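*Asks:* just a sequence and a predicted model for now, questions to come.
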Amino acid sequence: MRLLAVAMFIALLLVGAVSLYAYTNYLFPLYGRLLRGAPVVETPYLAFGLLMAPPALAILLVGSAICAWTGKKFDPPPASRLHRFQALMFGISIKTLIHVVPAVMILTTGALLARGYTPCSKLLISGSAWQLFWVNDDRVCFKPDHYINDNWPCKVIDGKDICVQVDGR
């Protein structure tokens, strides 16, 4: 039981690290690009679902740690503070998934539309249907020949690579 709990604890730490990576590399840069008026804004809609991860991970890590320490199944008594914490964290996680995630998606889409961005399906990378590219200039909405750096689209014109710097810097 303890070995399983330790393995679960390590797996949950990895899930937390992946979530943190997704926040810092996919979600937060999106708003920076939007504020800078970048020509292309990549919106990874699937990554918004990770907003529900922190509360669930909190109680799962606590439960795994207690199970690893005691060697017993994590099942706090109904009147205990740990049971209230467990119910609160799972409740926050579910409410975040049901209410906050769709609201953030809608508000982000509304902000993109308000700033003059339009969806560009031509920029989609093969196999990445979960993300959408928005452009504020129709000239940067084209079918790229290849990508460089951080999904910068490039087109070969007269033997030269012409690339769009999508981060707005």
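*Replies:* Thanks, I have the structure now. Predicted model only: the values in this text are computed from it and were never measured.
*Asks:* the residue nearest to the spatial centre of the chain and residue 28, how far apart?
*Replies:* Central residue check for the chain by Cα atoms, centre = their mean: the C-alpha nearest the mean position is that of residue 47, 2.6 Å away. Counting by Cβ to Cβ, to the nearest Å, the gap from residue 47 to residue 28 is 10 Å. For the C-beta atoms, the positions are set from N, CA and C on the backbone; glycine is no exception.
*Asks:* residue 162 looks like it's in a strand, true?
*Replies:* Yes: with DSSP: H, G, I helix; E, B strand; the rest coil as the criterion, residue 162 is assigned to a strand.
*Asks:* that one contacts residue 153, doesn't it?
*Replies:* No: in terms of Cβ atoms under 8 Å, residue 162 does not count as a neighbour of residue 153; the distance is 9.4 Å.
*Asks:* which residue of those two possesses the greater neighbour count?
*Replies:* When neighbours are counted by other Cβ atoms under 10 Å, residue 153 comes out ahead of the other of residue 162 and residue 153, with 24 against 13.
*Asks:* residue contacts, the more buried one?
*Replies:* 40, 123, 140, 142, 144, 147, 163, 164, 166 (Cβ atoms under 8 Å, 6 or more residues apart in numbering).
*Asks:* doesn't it fall inside a strand?
*Replies:* Yes: for residue 153, which was evaluated using three-state DSSP, the result is membership in a strand.
*Asks:* and it, bridged to which residues?
*Replies:* Taking DSSP bridges as the rule, residue 153 bridges to residue 147.
*Asks:* what is the lowest-mean-pLDDT helix or strand in the chain packed up against?
*Replies:* Here the helix or strand of the chain ranked lowest by mean pLDDT, DSSP states H and E is strand 146-148, holding a mean of 81. Contacts of strand 146-148 with other secondary structure elements, assessed using 3 or more Cβ pairs under 8 Å, 6 or more residues apart in numbering; DSSP states H and E, are made with strand 152-157.
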